[in-house]
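Undergrad: any chance you could fold what I've pasted below:
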Amino acid sequence: VYKLLLQPNGSLFAATDNGVFRSTNDGETWDAVNSGLMRAKVQSLTSADDGTLYAGTGSGNIFVSSDNGNNWRLLLSRPRRTISLLALLPLPRPKESSLPKSVIHDLATFTDGKKQHLVAATDQGVFQSTNGGQNWQSPHTGVSAQEVKKRGSAWSFATLKGKIPFVGMDAGVYPVEVKQ
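TA: The predicted structure is shown next:
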């Protein structure tokens, strides 16, 4: 078990090598809730204020469920590539729209008073989305590229409702910067 998540409705979720499991009776019994997860090794779980669940995997994918884990769908975690008719070469989307192909060590959600944020802890640091995981950006606005590299991998988040989370990284603990 990589992560446990307790929902306000009483459902308890476990992220495991074999997907996601849910208990509705305080852990006495567990049911696999993997419809749509494609046999994923799920390493992180979080939920938004509206109950939407997010699951991060060891292969770098993020899945979302809006029905208490009964069904999951893959988020577009990396940019789709389009083909140019002239050169037949892939045209990459802007860098800020993508989440790197990396293990998702942890996920968290928070609200900055205006927007709901989804943040991912990866081997390349912290990435955040303000549109439910469709687009991703590195939030390091006031931090030099050298400092970002020095901080290293992001491993876990500490969250408290109504507060901006902290992230544990190779080089220490830092507040997550809010990307507007």
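Undergrad: just give me how far stretch 171-178 sits from the chain centre.
TA: Distance of stretch 171-178 from the chain centroid (CA atoms, centre = their mean, to the nearest Å) equals 16 Å.
Undergrad: do I have it right that Lys3 meets Val20?
TA: No. When contacts are counted by CB atoms under 8 Å, Lys3 is not listed as touching Val20 (9.7 Å). Placement of C-beta: from N, CA and C, glycine included.
Undergrad: common neighbours of those two, please.
TA: Ala14, Val42, Leu45 (CB atoms under 8 Å, 6 or more residues apart in numbering).
Undergrad: what sits opposite the last one in the beta ladder?
TA: For Leu45, the beta-bridge partners are Ala55 (DSSP bridges).
Undergrad: residue contacts, it?
TA: Per CB under 8 Å, 6+ apart, neighbours of Leu45: Lys3, Leu4, Leu5, Phe13, Ala15, Val20, Leu53, Tyr54, Ala55, Gly56, Leu107.
Undergrad: neighbour count: Lys3 and Val20, which is higher?
TA: Neighbours around Lys3 and Val20, counted as other CB atoms under 10 Å, are more numerous at Val20. The numbers are 25 against 20.
Undergrad: look up phi and psi at the more buried one.
TA: Listed backbone geometry of Val20 is phi -110, psi 140, with angles given as degrees, to the nearest 10.
Undergrad: any idea which helix or strand in the protein has the lowest mean pLDDT?
TA: Lowest mean confidence among the helices and strands of the chain (mean pLDDT, DSSP states H and E): strand 82-83, at a mean of 44.
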